[in-house]
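Chemist: Please find the sequence and the predicted model below.
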Amino acid sequence: MSIAGRGGTRRSVIVVLLLAVAAAGAGWMQWRGPAVRLAAVEEAPIVHAIVVSGRVQAPNRIEIGSVITGRVVNVRVVEGNTVEAGQPLIELDAQELQAGVAQAQAAESTARTRIASVGELALPQSTDALAQAEAQLRFAEADYQRQRALRDKGFISDARLDDADRQVAVARSQLESARTQRRAQEAGGVAARDAVVRWREAVAARELAQAKLAQTVIRASVAGTVLARSVEPGDIVTSARRLLVVASRGDTRLTAQIDEKNLPYLREGSRAIASSDAFPGERFEAVLYYVSPGVDTSRGSVEARFRVASPPSYLRADMTVSIDIEVARKDKARLIPAAAVREAEGHATVQRLDNGRLVAVPVTLGIRGGAKVEVLSGLESGDTVVLTRGLADGSRARAR
């Protein structure tokens, strides 16, 4: 055999040996199972937080309008202005109502004069009339007595005596009328009461006219910020039209819709960290103070409200914010990656690598925080868990 033939034979033998070694190695690796990633149980702090999207809520939105119909002559504010309670915002044409106030004041003055005239004029006149009626009655009765004596002596006829008797009756009637007039003019009498009633009616009419005149100046009912203005000088306004919208001044609040599955974690007083989508680098604190007792069935969520004690100056009503709600915290806990946990039918397990095989270990979980979860039982610090998913319990595996 030539030298070239012997060289080729040796190369063939080497290739066969290499293939055999590779096949044996592959078989060994296949027997050991796939490589899996492991993670150790560690002790560290953990915070369970719920992150939701919400909005800045104005404490109250006050829609300001006019209670009377009128023409606008001046609008003193624009959007963004801050206003104080009682500050004039809009002025309406007041000429007609000013004339009405003057007319009502004149009627009140007339009614007051009528009260004075009852006490200063009508009462003295009725007193004088009563005295005259009393004197007239005394004269008529004295004349009747004289006429009767003359008739008894035969100097006059019965007809003359009857005339004297009629004069006495007339005098008595006039006296009763004078007494009635006198009582009517006294304090508490009909005329005096009527005068007082008319004066009170005039006062009420004057106050009504002044109240309507005051309504020509539309004022802020609360302190706040003007959000919207929909009126200009020259407009004719009615009671059905909205003229301004004012956000009342007060605590800044946030509102958010939170998935109902998070209800067990929501507690009044929970701290939260919020940031505006417009200023994501700046964060501020908030406190959960209200959780709605009802659930929005269309969205499967509950409304939560937060109070901001020190709001940043850039916050605006209806601004979108991200809210990070801290619902639980532990300074020291046994933690594993959440990716290692398998949950089914309310039970949680993890896989451990024990002598080259995957073993399921039941665990009790506690606080969840981001990519980590607390283990209350089933594992100890330093244990390792399998992160690779999709491998059956009992199958062979090896650490990567």
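Modeler: Nice, thanks for sending it over. Numbering: from 1, shown residues only.
Chemist: Mind listing the residues bridging to the closest residue to residue 251 other than its chain neighbours?
Modeler: Leaving aside its chain neighbours, residue 251 sits nearest to residue 307 (5.5 Å; criterion: Cβ to Cβ, 6 or more residues apart in numbering). Yep, even glycine has a C-beta here, placed from its N, CA and C like the rest. Applying DSSP bridges to residue 307 gives these bridge partners: residue 253, residue 287.
Chemist: Find me the pLDDT at residue 307, would you?
Modeler: The model reports residue 307 with a pLDDT of 91.
Chemist: do residue 356 as well
Modeler: 83.
Chemist: again, but for residue 177
Modeler: pLDDT at residue 177 comes out at 75.
Chemist: Next: residue 111.
Modeler: 83.
Chemist: Tell me how far it lies from residue 80.
Modeler: Residue 111 sits 50 Å away from residue 80, going by Cβ to Cβ, to the nearest Å.
Chemist: Which one's more surrounded, the two?
Modeler: When residue 111 and residue 80 are compared for neighbours, residue 111 comes out ahead with 20 against 10, by other Cβ atoms under 10 Å.
Chemist: which parts of the host helix or strand of the more buried one are buried?
Modeler: Counting by DSSP states H and E, the element that carries residue 111 is helix 95-117. Across helix 95-117, burial judged by 16 or more other Cβ atoms under 10 Å covers 97, 100, 101, 104, 105, 107, 108, 111, 114.
Chemist: Output the residues you listed in CSV; the columns should cover distance to residue 35.
Modeler: Shown next, in CSV, are the buried residues of helix 95-117 (distance: Cβ to Cβ, whole Å):
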residue, distance to residue 35
97, 91
100, 95
101, 95
104, 98
105, 101
107, 104
108, 102
111, 106
114, 112
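Chemist: can you give me the helices for the chain?
Modeler: Ranges of helices within the chain are 3-32, 95-117, 123-152, 158-185, 190-214, based on DSSP state H.
Chemist: coming back round to it: correct me if wrong: the residue nearest to residue 251 contacts residue 285.
Modeler: No. Counting by Cβ atoms under 8 Å, residue 307 stays clear of residue 285, with 9.9 Å between them.
Chemist: Residue ranges in this structure under the pLDDT threshold?
Modeler: Along the chain, segments meeting pLDDT under 70 span 1-33, 58-59, 117-125, 181-191.
Chemist: at 50 instead, please
Modeler: Within the chain, the stretches with pLDDT under 50 are 24-29, 31.
Chemist: Go ahead and flag the most central residue of it.
Modeler: Closest residue to the average C-alpha location of the chain: residue 60 at 4.8 Å, with Cα atoms, centre = their mean.
Chemist: how does the chain divide into domains?
Modeler: With domains defined by automatic domain parsing, the chain comprises 1-32, 35-46+330-399, 61-93+216-248, 96-213.
Chemist: for the longest one, how far is the first residue from the last?
Modeler: Okay, so that is domain 96-213. 9 Å (Cα to Cα, to the nearest Å).
Chemist: gap between that domain and the chain center?
Modeler: Here domain 96-213 shows a centroid-to-chain-centroid distance of 63 Å under the convention Cα atoms, centre = their mean, to the nearest Å.
Chemist: same thing with the second one?
Modeler: Between the centre of domain 35-46+330-399 and the centre of its host chain there is 48 Å, according to Cα atoms, centre = their mean.
Chemist: How many neighbouring residues does the residue nearest to residue 251 have?
Modeler: 16.
Chemist: Does the spatially closest residue to residue 227 that is not a sequence neighbour have any beta-bridge partners, and if so which?
Modeler: Leaving aside its sequence neighbours, residue 227 sits nearest to residue 245 (Cβ to Cβ, 6+ apart; 4.5 Å). With DSSP bridges as the criterion, residue 245 is bridged to residue 63, residue 228.
Chemist: if I look at residue 245, how far off is residue 224?
Modeler: Note on residue 245: its distance to residue 224, by Cβ to Cβ, is 10 Å.
Chemist: So between those two, which is more surrounded?
Modeler: residue 224 (23 against 19).
Chemist: from what I can see that one touches residue 244, true?
Modeler: No. Using Cβ under 8 Å as the test, residue 224 is too far from residue 244 to be in contact (10.3 Å).
Chemist: Return the distance of the residue lying closest to residue 375 once chain neighbours are set aside relative to residue 110.
Modeler: Excluding its sequence neighbours, the residue lying closest to residue 375 (Cβ to Cβ, 6+ apart) is residue 334, at 4.7 Å. Residue 334 sits 93 Å away from residue 110, going by Cβ to Cβ.
Chemist: Ok, residue 164 next?
Modeler: Using Cβ to Cβ, residue 164 is found at 47 Å from residue 110.
Chemist: relative to helix 123-152, how tilted is the helix holding residue 111?
Modeler: Computed with axes from the mean of the first three to the mean of the last three Cα atoms, to 10 degrees, the direction of helix 95-117 lies at 40 degrees from that of helix 123-152.
Chemist: now what about helix 95-117, what contacts it?
Modeler: 192, 195-196, 198-199, 201-203, 205-206, 208-210, 212-213, 216 (Cβ atoms under 8 Å, 6 or more residues apart in numbering).
Chemist: what sits opposite the residue nearest to residue 384 when sequence neighbours are not counted in the beta ladder?
Modeler: Closest residue in space to residue 384, ignoring its immediate chain neighbours: residue 38 at 4.5 Å, by Cβ to Cβ, 6+ apart. Taking DSSP bridges as the rule, residue 38 bridges to residue 386.
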